[in-house]
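Student: What would the 3D arrangement of this be:
(chains A and B)
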Amino acid sequence: MSTPAESSNLMEALVSLAKRRGFIYQSSEIYGGLNGFFDYGPLGVELKRNIRDAWWRDMVHRRDDIVGLETSIIMHPKVWEASGHVAGFTDPLVDCSETKLRYRADQLYYSKFSDHDGNTLGYLVVQEAAHDELLKALDKRIQYLIFKILDREQSGGVHSELKEFTEVKPDELPLCLGPDAKKLGTLTQPRAFNMMFETNVGALKDSSSVAYLRPETAQGMFVDFRNVIDTTRVKLPFGLAQIGKSFRNEITPRNFIFRSREFEQMEMEYFIHPDADWLACHEEWLKWCQDWLKSIGLPESHLSLHEHPKEKLAFYSRRTVDIMFRYPFGVQELWGIAARSDYDLKQHQQFSGVPQTYFDEATKAKVVPHVIEPAVGVDRIFLAVLAAGYAVEDVKDEKGNVEQRTVLRLSPRIAPVKVAVLPLLKNKEQLTTRAKALYAKLKQRYAVQYDDGGAIGKRYRRQDEAGTPWCVTIDFETIEKPGDTFTLRERDSMQQRRITEAELFQLLGEQVY
RNA sequence: GCGGCUGUAGUUUAGUGGUAAAACUCCGCUCUUCCAAAGCGGUAUCGAGGGUUCGAUUCCCUCCAGCCGCACCA
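Tutor: Okay, the predicted model is just below:
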């Protein structure tokens, strides 16, 4: 295991490389940046696109049972009421200035405590618990208030009924004793915090025009479930796949692009018959996702599984397993595979009044399908391939001096540039003419670069940092000897061999898919 | 949202109460027969705003951004 300092250094090195080579910039940098937002530069946008394309090809094009979808980012506000996001994403939060602890106001209860003459002595705040536990806690706090804070000789007084702390009034706050506080008045007013970005549709900013930027792409696929059934020939089981931006107003965006406020999801909702073996289906998708991650070059050694304990499952889920990735800052969630049951379709059925059913020809019955959902963040995969591929190696030059080489070992499938075409020398026209001809031919099909700047070694290293798997050098052997061969220099091994144009295209055809 | 640390060229860093230096990168030119060659030239309102001061990149305050920890993450 690396130490926190090393991890931090690795992340700094990655951020630095990402900027230096044009993978990722901070958003709005010239205005001081904006927390939780990022831009993808010329190399970054290629890498990101390749990740998306690889997923789409494997998930949609190469399967018979999955079709694609692209739904709008802003949807009818009722969608988010039905999905539970309006209620679920609104957490009123309370901070304690003394203990620095943070509570959810809807999980706190408070009670006024008065002496027998009716004078208010204070408000006791306790955390949600079973009824008798809660009363026990309340009693403890009363004793604490009387003897430690008010410094009285004997107890006595009455407490009023418990109320949810969300109802606390500003003038009561100075007399509130926080659940873990030793002084009065350390709690803040509950502040509503909704993870959804709000906006307004139309010209008038009244409450009827409130809309949300979607916090997940999934709901678009549930809402269009009927449309797809009615207009295409899909039969259960089948999947709807979507790639698109989602937005969450995270309290604290952290770890570079890992948790940001604007991010891109690749989600697939796989609809199955309610009587189908959902557990087996869930296992199948779990396996599929792991295999796919390996196919884009993530090493198995960095992957692990995390099964959500039953008591911590989200309300819609019967089972959720996360594929975890060992990032420099720790093992974190990469891909969540959730068995969402029929929760979402049933919710939309109820809220919209439109039946969300599928006609089962076999039983002649209408059923509401269940759903298995693999959901992954493009940006998280991006960071994972960057972190896993990044290496600084010691390399010996011809004099035996040790130098350092920075290399990004990206899979040819997703590398932003597949091949760099390099004339050995810039000022020899036979070399550059042949190189430019090859470049022109390659770029019809692949993302390639032409580079004639500086010495050849420098150009190799530059491509190493960009993650380009192969460099092709047009040298004197190309133009002087028969066979029209080039030097093929391989990124990871730095080995060189001679290759013809036909062989090069064959290599690319096999490796870039 | 809280606490600690930080912010000087594209990157990594040096430095000072009297308007800034280096290495590498990048761009241009010269040169160069396979792993960051050499030479010349170019690139900074020292994160932003305010205050103290004759004078602030340096000291103070606020904000913004970043890192670490806590909390949060339906």
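Student: Dihedrals phi and psi, the residue nearest to the spatial centre of chain A?
Tutor: The residue lying closest to the centre of chain A (CA atoms, centre = their mean) is A:Gly377, at 3.4 Å. Note on A:Gly377: backbone dihedrals following degrees, to the nearest 10 are phi -100, psi 130.
Student: Ok, A:Gln143 next?
Tutor: Dihedral pair for A:Gln143: phi -60, psi -40, per degrees, to the nearest 10.
Student: can stretch A:11-27 be found next to RNA strand B?
Tutor: Yes: interface with RNA strand B: stretch A:11-27 contributes A:11-12, A:15-16, A:19-20, A:26 (CB under 7 Å from any atom of the strand). C-beta coordinates here come from the backbone N, C-alpha and C atoms, glycine included.
Student: A:Asp451: which of these is nearest?
Tutor: Using CB to CB, A:Arg20 is the member of the residues of stretch A:11-27 next to RNA strand B that sits closest to A:Asp451, with 16.4 Å.
Student: What's the separation between that closest one and A:Val168?
Tutor: According to CB to CB, to the nearest Å, A:Arg20 stands 51 Å off from A:Val168.
Student: more crowded one of those two?
Tutor: More crowded of A:Arg20 and A:Val168, by other CB atoms under 10 Å: A:Val168, with 20 against 11.
Student: Please determine how far A:Glu29 is located from RNA strand B.
Tutor: 8 Å (CB to the nearest atom of the strand, to the nearest Å).
Student: contacting residues for that residue?
Tutor: Counting by CB atoms under 8 Å, 6 or more residues apart in numbering, A:Glu29 makes contact with nothing.
Student: could you pull out the helices for chain A?
Tutor: Assigned helices in chain A, in chain order: A:4-20, A:42-56, A:77-83, A:85-88, A:131-143, A:218-223, A:225-231, A:278-295, A:343-352, A:378-389, A:429-442, A:456-466, A:476-480, A:501-511 (criterion: DSSP state H).
Student: Make a markdown table out of the ones you listed and add mean pLDDT.
Tutor: Output for those, formatted as a markdown table (pLDDT from 0 to 100):
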| stretch | mean pLDDT |
| --- | --- |
| helix A:4-20 | 80 |
| helix A:42-56 | 95 |
| helix A:77-83 | 92 |
| helix A:85-88 | 78 |
| helix A:131-143 | 80 |
| helix A:218-223 | 96 |
| helix A:225-231 | 95 |
| helix A:278-295 | 96 |
| helix A:343-352 | 94 |
| helix A:378-389 | 94 |
| helix A:429-442 | 92 |
| helix A:456-466 | 92 |
| helix A:476-480 | 89 |
| helix A:501-511 | 95 |
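Student: A:Met494 is nearest to which of these?
Tutor: It is, among the helices of chain A and with distance given as CB to CB, helix A:456-466, at 7.8 Å.
Student: angle of the closest one against helix A:4-20?
Tutor: 110 degrees (axes from the mean of the first three to the mean of the last three CA atoms, to 10 degrees).
Student: Just send the helices of chain A back as CSV, with distance to A:Pro174 too.
Tutor: Listed next are the helices of chain A as CSV, based on distance: least, CB to CB, whole Å:
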stretch, distance to A:Pro174
helix A:4-20, 40
helix A:42-56, 51
helix A:77-83, 36
helix A:85-88, 31
helix A:131-143, 17
helix A:218-223, 43
helix A:225-231, 52
helix A:278-295, 52
helix A:343-352, 42
helix A:378-389, 44
helix A:429-442, 72
helix A:456-466, 58
helix A:476-480, 83
helix A:501-511, 68
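Student: Would you agree A:Val354 is in contact with A:Asp224?
Tutor: No: A:Val354 is beyond contact range of A:Asp224, at 11.8 Å (criterion: CB atoms under 8 Å).
Student: hang on, the earlier thing: which among the residues of stretch A:11-27 next to RNA strand B gets closest to RNA strand B?
Tutor: Nearest to RNA strand B among the residues of stretch A:11-27 next to RNA strand B is A:Ser16, at 3.6 Å by CB to the nearest atom of the strand.
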